[in-house]
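>>> Predicted coordinates and the sequence they were generated for:
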Amino acid sequence: MDRELVRRQTTSNCTGEFVYSIVSSAAVLLQGIGEYCLVGRDRFNGKEAERSVHHAIGLNEIHLSALRAGLLVRWIGSMEVRSQNELTGFGFAKDYDAVVTVRTEAGEQRFALEYERSPKPMRYYRDVAASLSREAHVNHVLYLTCNYDLLQFISGFLSNTKCRVFFGLVKDWHSQLLDMPVSCSSATRYFRLRETLDDAAAYVNAAAISA
């Protein structure tokens, strides 16, 4: 902080704790030595910055849960995903919060992760549905939400996509990880997350063999 490369701020969560983040000039320095640090002009301004802080903290906790359990093979963060999408010709269909590879009994399984703390406008989810229908790099997307009502709201827009989209609660991720219950868009039947990942891998392998 003495060199003004780190910014300290408080949030409105009433805990009295500080949150530290790098400033834009530090991000530019990191970008220059090979880190994925695309810099936005308004990254610290207004209510959007406050929402971004809470989202980043929650996403970091999701990351740490998998890491501490020894399940994580690779975590491609949102900055790296966005860099690939903006700067290369082989990007994902969406700027996911992360692309995650975990270890299951059937081997390594990869899925895109979206963490939703609050609802966005309906037009946003219609655009997401259109994007996911064009996804060619992942076969499975997991939406983690903070409550069941938000889960139901989002799932209603993502029923007809090319890749498989499943929905679960973030609290279940922290307590059960790959054994957490997830549902498809209808939310009428629940599966264990590891089952959906292994089934998706089996489906892709069968399709490759038949082709």
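Cool, got the structure. On a predicted model such as this, the values are computed, not experimentally measured, just so you know.

>>> Just give me the neighbour total for the nearest residue to residue 73 once chain neighbours are set aside.
Nearest non-adjacent residue to residue 73, counting by Cβ to Cβ, 6 or more residues apart in numbering: residue 101, 4.2 Å away. Backbone N, C-alpha and C define where each C-beta goes, glycine included. Counted with other Cβ atoms under 10 Å, residues neighbouring residue 101 total 15.

>>> Just to check, residue 101 is in contact with residue 74?
Yes. Using Cβ atoms under 8 Å, residue 101 makes contact with residue 74 at a distance of 4.3 Å.

>>> what about residue 121, how many residues close to it?
8.

>>> show me what contacts the residue nearest to residue 73?
Going by Cβ atoms under 8 Å, 6 or more residues apart in numbering, residue 101 touches 72-75, 108-110.

>>> Please narrow those residues to those residing in strands.
Among the contacts of residue 101, the members falling in strands (DSSP state E) are 72-75, 108-110.

>>> can you pick the most crowded of these?
For the ones in strands among the contacts of residue 101, the largest number of neighbours (other Cβ under 10 Å) sits with residue 109, at 21 neighbours.

>>> Just give the nearest non-adjacent residue to that one, would you?
In space, residue 109 is closest to residue 197, 4.0 Å off (Cβ to Cβ, 6+ apart).

>>> tally of neighbours for that neighbour?
Using other Cβ under 10 Å, residue 197 has 26 neighbouring residues.

>>> Then residue 60?
With other Cβ under 10 Å as criterion, residue 60 counts 11.

>>> For it, pull up the helix or strand it's in.
Following DSSP states H and E, one finds residue 60 within helix 46-68.

>>> Go through that helix and flag the buried ones.
53, 55, 58-59, 62-63, 65-66 (16 or more other Cβ atoms under 10 Å).

>>> Same question for stretch 153-167.
153-155, 157-158, 161, 163-167.

>>> List the contacts of stretch 73-86.
For stretch 73-86, contacts defined as Cβ under 8 Å, 6+ apart pick out 36-38, 59, 63, 66-67, 90-92, 95-103, 108.

>>> Tell me where the protein has strands.
Counting by DSSP E, the chain has strands at residues 6-10, 18-22, 72-77, 98-104, 107-116, 140-145, 164-169, 181-183, 190-192.
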